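Enquirer: I'd like to go over a predicted model; first the sequence, then the structure.
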Amino acid sequence: MTFRTLLFSIFLIVPLLSSAQSRRRAQLTTPQSNGPVPVVSAPQTRLLESLIWNSSMLNRAVKFSVYLPPDYYTSNRRYPVVYLLHGYGDNETSWIQFGEADRIADAGIRSGELPPMIIVMPDAGTTFYINDYQNKIRYEDMFVQELIPHIDSMFRTRTQREFRSVSGLSMGGFGSLTLAMHHPELFSGCAALSAGIRTDEAFASIPDERYDAVFAPVFSGPAKGENRLTLTWKRNSPITLAQSAPEGDLIKVRWYIDCGDDDALSAGNAMLHLAFLDRKIPHEYRVRDGGHTWNYWRSGLPDALKFVSESFHR
């Protein structure tokens with residue numbers, strides 16, 4: 001390159017640099033427009049797992065998980081609530097981890113088959129969601145008198161009875177039936193999946209080792225045969241309640257029973273169905289192919305949620 005060519009190139013570059021600097025200076029010094037600026041909201045967590053709340057009745061912490069509908073953080077509306085109860089040996093995370101309740105609810109809401117709703121999943125340990133026979137662990141009282149008011153104060157819920165339902169599997173199915181039968185003033189719908197319900201005869205004949213490990217701490221203490229049929233058992237047995245509770249209370253709640261044909265609990269669920277039939281209590285009864293498995297409960301949850309949410313409409 002000759003000296004003349006180099007000098008010519010420098011003369012070309014210098015104006016270009018000067019022009020770019022001028023444009024940059026103008027961008028920095030020109031007043032900004034007063035027009036609207038797009039606002040992108042920060043992502044908000046809609047699945048709150050293992051929240052901790054202290055119960056004065058139980059004198060200990062209670063964990064619970066909460067599913068919030070897709071528009072919860074973009075609206076100021078209030079939502080109906082479904083209490084979704086876990087089974088024996090599970091906890092407040094099981095309906096999410098194994099039951100995929102959040103995915104199922106999201107899909108149902110997107111398709112329009114479900115209304116936007118809040119789903120609350122409390123940990124109940126092995127309490128069967130009732131007060132134990134010694135009245136020392138008062139889980140039912142805590143649920144009704146403390147947990148529901150706490151949820152209503154913490155989240156934007158609709159607090160009227162017609163906008164609150166309960167559902168659950170196995171032990172949680174037992175709990176959902178018992179809670180709704182005891183408190184028809186609180187729940188408009190109940191969907192029990194593979195509910196852990198038995199006739200008196202079946203309860204009295206549970207093998208001793210299993211009875212003492214699972215049922216005795218809640219219903220009677222160590223007992224055999226008919227000695228297991230305590231006041232606590234009779235007061236909480238869904239079959240007994242279906243036979244004896246005031247008809248006016250039972251018809252306040254919409255009932256849904258679903259149990260697999262290969263489930264050992266199918267006989268008890270069938271007896272509950274017959275007890276409702278005998279008293280002409282309106283209800284839905286489903287027997288599908290399957291056993292006592294998460295696959296059965298996952299496949300049944302969409303219809304269960306759809307059923308209990310029907311009372312959320314007018």
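Expert: Sure, I can see it. Numbers count the residues shown, from 1 in each chain.
Enquirer: show me the helices in the protein, by range?
Expert: Using DSSP state H, the helices of the chain run over residues 3-29, 94-97, 101-111, 139-142, 148-154, 171-182, 200-204, 208-210, 216-219, 231-236, 238-244, 247-250, 266-278, 294-309.
Enquirer: grab the most central residue of the chain for me.
Expert: L84 (3.1 Å; Cα atoms, centre = their mean).
Enquirer: ok, that residue to I281 distance?
Expert: Using Cβ to Cβ, to the nearest Å, L84 is found at 23 Å from I281. All C-beta atoms are positioned from the backbone trio N, CA, C, and that covers glycine.
Enquirer: contact partners for the residue nearest to the centre of the chain?
Expert: 95, 101, 119-121, 166-168, 172 (Cβ atoms under 8 Å, 6 or more residues apart in numbering).
Enquirer: try T93
Expert: Neighbouring residues of T93 by Cβ under 8 Å, 6+ apart: 49-50, 65, 121.
Enquirer: now a ChimeraX select for only the buried ones of these.
Expert: Remark: buried members of the contacts of T93, expressed as a ChimeraX selection using 16 or more other Cβ atoms under 10 Å:
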select :49,65,121
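Enquirer: which ones among the contacts of T93 lie within strands?
Expert: 49-50, 65, 121 (DSSP state E).
Enquirer: buried ones in stretch 63-79?
Expert: Those would be 63-69, 72, 79, for stretch 63-79 by 16+ other Cβ under 10 Å.
Enquirer: wait, L85 sits on Y129?
Expert: Yes - using Cβ atoms under 8 Å, L85 is in contact with Y129, at 6.3 Å.
Enquirer: give me the common contacts of the two.
Expert: 168, 171-172, 175-176.
Enquirer: just the buried ones from those?
Expert: 168, 171-172, 175-176.
Enquirer: most widely separated two among the residues you listed?
Expert: M171 and S176 (9.8 Å; Cβ to Cβ).
Enquirer: so what sits against both of these two?
Expert: With Cβ under 8 Å, 6+ apart as the test, M171 and S176 both reach 85, 129.
Enquirer: out of the helices of the chain, which is closest to S194?
Expert: Using Cβ to Cβ, the helices of the chain put helix 171-182 closest to S194, at 5.9 Å.
Enquirer: for that closest one, list the C-alpha coordinates in PDB.
Expert: Only the C-alpha atoms of helix 171-182 are listed here, as PDB (Å, rounded to 0.1, in the frame of the first residue of the first chain):
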ATOM      1  CA  MET A 171     -57.200 -43.000  53.600                       C
ATOM      2  CA  GLY A 172     -57.900 -39.600  52.000                       C
ATOM      3  CA  GLY A 173     -61.000 -41.000  50.400                       C
ATOM      4  CA  PHE A 174     -62.100 -42.100  53.900                       C
ATOM      5  CA  GLY A 175     -61.300 -38.700  55.200                       C
ATOM      6  CA  SER A 176     -63.100 -36.800  52.500                       C
ATOM      7  CA  LEU A 177     -66.300 -38.800  53.100                       C
ATOM      8  CA  THR A 178     -66.100 -38.400  56.800                       C
ATOM      9  CA  LEU A 179     -65.400 -34.700  56.800                       C
ATOM     10  CA  ALA A 180     -68.200 -34.000  54.300                       C
ATOM     11  CA  MET A 181     -70.700 -36.200  56.200                       C
ATOM     12  CA  HIS A 182     -69.800 -34.500  59.500                       C
END
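Enquirer: what angle sits between that helix and helix 266-278?
Expert: Here helix 171-182 points in a direction 20 degrees away from that of helix 266-278 (axes from the mean of the first three to the mean of the last three Cα atoms, to 10 degrees).
Enquirer: show me what helix 171-182 is packed up against.
Expert: Contacts defined by 3 or more Cβ pairs under 8 Å, 6 or more residues apart in numbering; DSSP states H and E place helix 171-182 against strand 81-85, helix 139-142, strand 164-169, strand 189-193, helix 238-244.
Enquirer: to what extent is L231 buried, counted in neighbours?
Expert: L231 has 10 neighbours, counted by other Cβ atoms under 10 Å.
Enquirer: same check on R314?
Expert: Count around R314 with other Cβ under 10 Å applied: 4.
Enquirer: ok, back up a step: nearest to M57, out of the contacts of L84: which one, please.
Expert: Looking across those and measuring by Cβ to Cβ, the closest to M57 is V120, at 17.4 Å.
Enquirer: gap between that closest one and L301?
Expert: 15 Å.
Enquirer: also T93?
Expert: Counting by Cβ to Cβ, the separation of T93 from L301 is 16 Å.
Enquirer: how about the nearest residue to M181 once chain neighbours are set aside, what does it touch?
Expert: Spatial nearest neighbour of M181, excluding adjacent residues (Cβ to Cβ, 6 or more residues apart in numbering): L241 at 4.4 Å. Counting by Cβ under 8 Å, 6+ apart, L241 makes contact with 177-178, 181-182.
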